[in-house]
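K.L.:
Structure here, sequence nowhere to be found:
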């Protein structure tokens, strides 16, 4: 826990330094506008290159529903009214959206929190697709998932836990694998182990997910995650 908090604090401090430098450059050289990706006054754009400011801009986009939806304006996402569970007040989705894809990858329709949708879009653009081209020589055509919202407590190796899962608020999604443009289908349950490019790709996707999600759990965490990545919008950066 100490390590993940240090990593989070380091990223915040780095963004602060870059913000200060960018502001100083903009003031000193107003005739030379900063590229949008480096301009702290510009909002997050998913397709922009990643810079030290990207994490700071992402946190800004995640600060509320309208900002999140604005960042997803070019994605196949539909804003929905909040989901309220009158029987279980701890459950429901505040910034509810319906998602059918991110970037060039399809998804089976899923209702989730806007924060998960935006983090998925960033992961697809800056992690999944580059890793697929680099390690597999093809693109991802579909992200396979086990849904997002589920009104239930956390699951542990000893049974149900004492607090509610982030699935209960739609702030998590479980990813089972990927369909590729060349016809291959990779799943964590079948392809995680081994020394081939498929296993290398799945491990690379786990590592890149850790950059875009606040919590990432996979087969190396415990047996409950043998067949999926649990990707969470809240947390301190746990990456297993």
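P.N.:
Here it is on my side, so go on. Given the structure is predicted, the values throughout are model-derived calculations rather than measurements.
K.L.:
what about the helices in the chain?
P.N.:
Assignment of helices within the chain using DSSP state H yields the ranges 2-28, 54-61, 65-71, 114-123, 129-136, 188-191, 197-212.
K.L.:
lowest-confidence stretch among those?
P.N.:
Taking the average pLDDT of each of the helices of the chain, the minimum falls on helix 2-28, with a mean of 49.
K.L.:
OK, contacts around residue 60?
P.N.:
When contacts are counted by Cβ atoms under 8 Å, 6 or more residues apart in numbering, residue 60 touches 43-44, 67. Where C-beta positions appear, they are placed from N, C-alpha and C, glycine not excepted.
K.L.:
Kindly indicate the member of these with the most neighbours.
P.N.:
For the contacts of residue 60, counting by other Cβ atoms under 10 Å, the largest number of neighbours falls to residue 44: 24 neighbours.
K.L.:
if I read this right, that residue contacts residue 54, doesn't it?
P.N.:
Yes - if you go by Cβ atoms under 8 Å, residue 44 and residue 54 touch, sitting 7.3 Å apart.
K.L.:
mind giving me the domain split of the chain?
P.N.:
For the chain, the structural domains run 1-61, 65-239, going by automatic domain parsing.
K.L.:
any idea which of the ones you listed is most buried?
P.N.:
Highest mean neighbour count among the domains of the chain (mean count of other Cβ atoms under 10 Å): domain 65-239, with a mean of 18.
K.L.:
chain center to it: distance?
P.N.:
Offset of domain 65-239 from its chain centre (Cα atoms, centre = their mean, to the nearest Å): 6 Å.
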